[in-house]
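Chemist: Coordinates only, no sequence provided:
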């Protein structure tokens with residue numbers, strides 16, 4: 001459903017925002033998952049609040065100024081989404097290593113973080129969902145997941161340590177990704 005903005009914005013403003021959202025969507029996966037109408041509305045509100053600060057005496061055109069304002073807002077959104085993703089993956093869920101450092105414990109530990117924007121109930125539910133999803137993975141998939149996540153290893157390093165051929169490793173990573181996507185946790189994968 002497209003939004004109607006009446007006489008608030010000119011056609012070129014709407015077109016410019018749409019173009020920048022498409023461009024950023026191709027570069028940033030976190031924006032691809034967002035509803036385009038929501039992103040457009042967010043950007044247009046930001047432009048509406050900031051367009052009064054345009055100074056025609058400066059060398060930049062109104063269109064150039066708007067593009068700069070919208071690009072900055074989209075980059076802020078990308079940073080916010082990536083920061084939320086990092087907070088969840090690094091602050092909330094911890095898989096304590098076992099003997100070989102690649103096998104996660106069956107228990108996820110959920111820690112409180114004062115900088116986290118989620119409330120404690122959301123954090124607890126996320127931890128439970130992650131724990132449940134990891135338990136459904138095969139032991140090899142759990143090792144891969146732990147190696148790529150908390151251990152911070154590259155795919156190549158995980159494959160070498162687990163003695164898994166590259167094609168098999170990437171197939172397993174695809175299966176892990178599919179499992180997380182099925183339960184709505186795809187945003188927490190890197």
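Modeler: Thanks, I have it. Nothing here was measured: the structure is a model prediction, and the numbers come from that model.

Chemist: Who are the contact partners of residue 82?
Modeler: Applying CB atoms under 8 Å, 6 or more residues apart in numbering, we find residue 82 in contact with residue 30. Yep, even glycine has a C-beta here, placed from its N, CA and C like the rest.

Chemist: For residue 145, see how far away it is.
Modeler: 20 Å (CB to CB, to the nearest Å).

Chemist: before we move on, what about residue 80?
Modeler: Going from residue 80 to residue 145 by CB to CB gives 25 Å.

Chemist: ok, and the closest non-adjacent residue to the residue positioned nearest the centre of the chain?
Modeler: The centroid of the chain falls nearest to residue 30 when counting by CA atoms, centre = their mean (4.3 Å). With sequence-adjacent residues excluded and distances taken as CB to CB, 6 or more residues apart in numbering, residue 30 is closest to residue 81, at 4.1 Å.

Chemist: Tell me how many other residues crowd that neighbour.
Modeler: By other CB atoms under 10 Å, 17 other residues sit near residue 81.

Chemist: ok, back up a step: comparing residue 80 and residue 145, which residue is more hemmed in?
Modeler: Taking other CB under 10 Å, residue 80 and residue 145 do not tie; residue 145 has more neighbours (24 against 12).

Chemist: pretty sure the more buried one is touching residue 134, no?
Modeler: Yes. Taking contacts as CB atoms under 8 Å, residue 145 lies within contact range of residue 134: 6.5 Å.

Chemist: And the next helix or strand past the strand or helix carrying residue 128?
Modeler: Using DSSP states H and E, residue 128 falls within helix 120-136. Sequence-wise, the next helix or strand downstream of helix 120-136 (DSSP H and E) is helix 139-148.

Chemist: one step back: if you average the pLDDT over whichever helix or strand the residue nearest to residue 30 is part of, what comes out?
Modeler: Element membership of residue 81, judged by DSSP H and E, is helix 62-86. Averaging pLDDT along helix 62-86 gives 83.

Chemist: show me the contacts for residue 5.
Modeler: Residue 5 sits next to 14, 44 when contact means CB under 8 Å, 6+ apart.

Chemist: sec struct for it, please.
Modeler: coil (DSSP: H, G, I helix; E, B strand; the rest coil).

Chemist: cool, and the one 4 residues further on?
Modeler: When the structure is split into helix, strand and coil by three-state DSSP, residue 9 lands in coil.

Chemist: Give me the contact list for stretch 31-49.
Modeler: 1-3, 5, 8-9, 13-14, 17-18, 20-21, 24-26, 66, 69-70, 73-74, 77-78, 81, 187.

Chemist: The same query, at a cut-off of 10 Å, please.
Modeler: Residues from elsewhere that reach stretch 31-49 (CB atoms under 10 Å, 6 or more residues apart in numbering): 1-3, 5, 8-9, 13-14, 16-18, 20-26, 28, 65-66, 69-74, 76-78, 81, 186-187.

Chemist: ok, now stretch 8-17?
Modeler: 2-3, 5, 39-48, 51, 62-63, 66-67, 70, 73-74.
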